[in-house]
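K.L.:
just to be clear, the model below is a prediction. Sequence and coordinates:
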Amino acid sequence: MKNIKSLFFSVLVLIFCPEAKCQTNLPKLQNFNVGIIIPLSGDLAEYGSAIRNGFELARKDAPENFSNVNFVYEDSRYDGKTAVDALQKLKSSDSIDLYYLWGVSPTEAMLPIAVAQKLPVIAETTVKEATVGKPFVIRAARTGERIAKALTAELENRKVKSVSLIVTQIPFYMDIIKHLESSLKDKGIAVKKKAEVLPSEIDFKSFLLDRDLQGAQILGAFLLPAQFIAFYRQAEQLHLKIPTFSADIIDSETLVKDCSDKIDGMFYTQVGVIPEFRQNYKKSFGNDNQIGSAAQAYDMGMLVSELFGKLERNLTNEEVIDRISKIAPHKGATGSFSYSDSSDGGKEIRMPVSMKVVRGKALEIIAEDTGY
């Protein structure tokens, strides 16, 4: 009698819940773990915070796609040695399926180790040559060359004939400046003065008073956050108004508010950000500091969930890279992005270059995609 009741119950389950039969035969989905090494402390911690926010916002917006995707964050402090230690820590856990490395300097330190061990990597670095000849590394960022061309085009549009440059000696900026000087020369725009400073430098008075600087129409200021604050406050103390342009790091409402009003009108490049994402991000986090980096992280998070969120078996490192290499053009928070592979640029997820401007204490878009 007991067996008859059990059989009768099973029949009822299959009649009224036919999916139950299918559920028992479903394969177990595999977890996919992404190790993310970003600056969560130090001078560029705002970037790390924005990147983490971007990944987590992707999870929040599409939780059903992330049930088997895990993000594991490690702090690089934007320091090579710290970044290498973080990479070794993630590697020793033996559970990371894809590594997301951020920043020119940390990436330069980590890539030789990752390449030697054939770890699958998405590297957010603007140095185009960083991924050439490295089959397990895909670069996801604009290049210093494309940033330089976008800035040069904006200078041309403004009828600028001469510039001066002040540059902090970090690889990110030095790569941009190398290409910027070449691009300016090609367009007949003269560089009146160029000064390179250490990351620790905060006294800019002698530079601001230099006669060659005064002779240029505009200044390219490529500095770290604390240096930007010191530079513009010292310009205010000297009663100087100098038109300026830059790239990326100034993309912070908090930082702009800490600078003096002399920063008003500065234009700079960043990753593209569509208006819908900007609204969603500001509603979620209350600011748009380094929102370009957040948008890129959001897109990469969504891409990972699309490619690896429903795995029925573990993939080899080769298979992980192969899946990313076969993506079709996508639309996302950054606008449009696509995959390419070339002999001089290696494997790349090509991100758009936008142009923004400081208006008072706000950051406004000039162009969502400059075409570079």
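P.N.:
Great, that's in hand.
K.L.:
in the stretch 51-200 of the chain, where is pLDDT below threshold?
P.N.:
Low-confidence segments of the stretch 51-200 of the chain (pLDDT under 70): 94.
K.L.:
where do the strands of it begin and end?
P.N.:
Applying DSSP state E, counting those that start in this stretch to the stretch 51-200 of the chain gives strands spanning 69-75, 98-102, 121-124, 137-140, 162-168, 190-197.
K.L.:
now render those strands as TSV, adding distance to Y281 and mean neighbour count.
P.N.:
Heads up, the C-betas are built off the backbone N, CA and C, glycines and all. As requested, the strands of the stretch 51-200 of the chain are exported to TSV (distance: least, CB to CB, whole Å; neighbours: other CB atoms under 10 Å):
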stretch	distance to Y281	mean neighbour count
strand 69-75	17	18
strand 98-102	18	26
strand 121-124	18	26
strand 137-140	19	25
strand 162-168	27	21
strand 190-197	32	16
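K.L.:
any chance of those in TSV with distance to Y372 as columns?
P.N.:
Below are these laid out as TSV (distance: least, CB to CB, whole Å):
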stretch	distance to Y372
strand 69-75	30
strand 98-102	21
strand 121-124	18
strand 137-140	16
strand 162-168	18
strand 190-197	20
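K.L.:
how is this protein divided into domains?
P.N.:
Annotated domains of the chain cover 32-142+273-351, 145-271+355-367 [automatic domain parsing].
K.L.:
picking up where we left off before, to K178, which of the strands of the stretch 51-200 of the chain lies closest?
P.N.:
Proximity to K178, assessed across the strands of the stretch 51-200 of the chain by CB to CB, is greatest for strand 162-168 (10.2 Å).
K.L.:
quick check: closest non-adjacent residue to G42.
P.N.:
R77 (4.1 Å; CB to CB, 6 or more residues apart in numbering).
K.L.:
what about the one you found, how many residues nearby?
P.N.:
20 (other CB atoms under 10 Å).
K.L.:
same question for G335.
P.N.:
G335 has 19 neighbours, counted by other CB under 10 Å.
K.L.:
what sits closest to it if chain neighbours are left out?
P.N.:
G272 (4.1 Å).
K.L.:
wouldn't that neighbour be in contact with S293 here?
P.N.:
No: counting by CB atoms under 8 Å, S293 is not a contact partner of G272; they are 11.8 Å apart.
K.L.:
where exactly do the helices run in the stretch 151-300 of the chain?
P.N.:
Remark: helices assigned in the stretch 151-300 of the chain by DSSP state H, counting those that start in this stretch are 171-186, 205-208, 211-215, 225-237, 253-258, 275-285, 291-308.
K.L.:
quick one: those helices as JSON lines, columns for distance to E124 too.
P.N.:
Below are the helices of the stretch 151-300 of the chain laid out as JSON lines (distance: least, CB to CB, whole Å):
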{"stretch": "helix 171-186", "distance to E124": "11"}
{"stretch": "helix 205-208", "distance to E124": "31"}
{"stretch": "helix 211-215", "distance to E124": "33"}
{"stretch": "helix 225-237", "distance to E124": "19"}
{"stretch": "helix 253-258", "distance to E124": "20"}
{"stretch": "helix 275-285", "distance to E124": "17"}
{"stretch": "helix 291-308", "distance to E124": "7"}
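K.L.:
mind listing the strands for the stretch 251-372 of the chain?
P.N.:
267-271, 330-332, 335-342, 346-350, 353-359, 362-367.
K.L.:
so what's the gap between the first one and the chain middle?
P.N.:
By that I understand strand 267-271. 12 Å (CA atoms, centre = their mean, to the nearest Å).
K.L.:
and that strand, what does it pack onto?
P.N.:
helix 144-157, strand 244-247, helix 291-308, strand 353-359 (3 or more CB pairs under 8 Å, 6 or more residues apart in numbering; DSSP states H and E).
K.L.:
wait, what's in contact with V72?
P.N.:
By CB atoms under 8 Å, 6 or more residues apart in numbering, the contact list for V72 reads 33-36, 90, 93, 96.
K.L.:
show me just the buried residues among those residues.
P.N.:
33-36, 90, 96 (16 or more other CB atoms under 10 Å).
K.L.:
excluding its backbone neighbours, what's nearest A362?
P.N.:
Closest to A362 by CB to CB, 6+ apart is E253, at 7.1 Å.
K.L.:
cool, and T143?
P.N.:
Per CB to CB, 6+ apart, closest to T143 is K128, 4.4 Å.
K.L.:
I'd say the one you found and S342 touch.
P.N.:
No: using CB under 8 Å, K128 makes no contact with S342, being 9.3 Å away.
K.L.:
any low-confidence regions in the stretch 201-350 of the chain?
P.N.:
For the stretch 201-350 of the chain, no range has pLDDT under 70.
K.L.:
out of the helices of the stretch 151-300 of the chain, deepest packed?
P.N.:
helix 291-308 (a mean of 25; mean count of other CB atoms under 10 Å).
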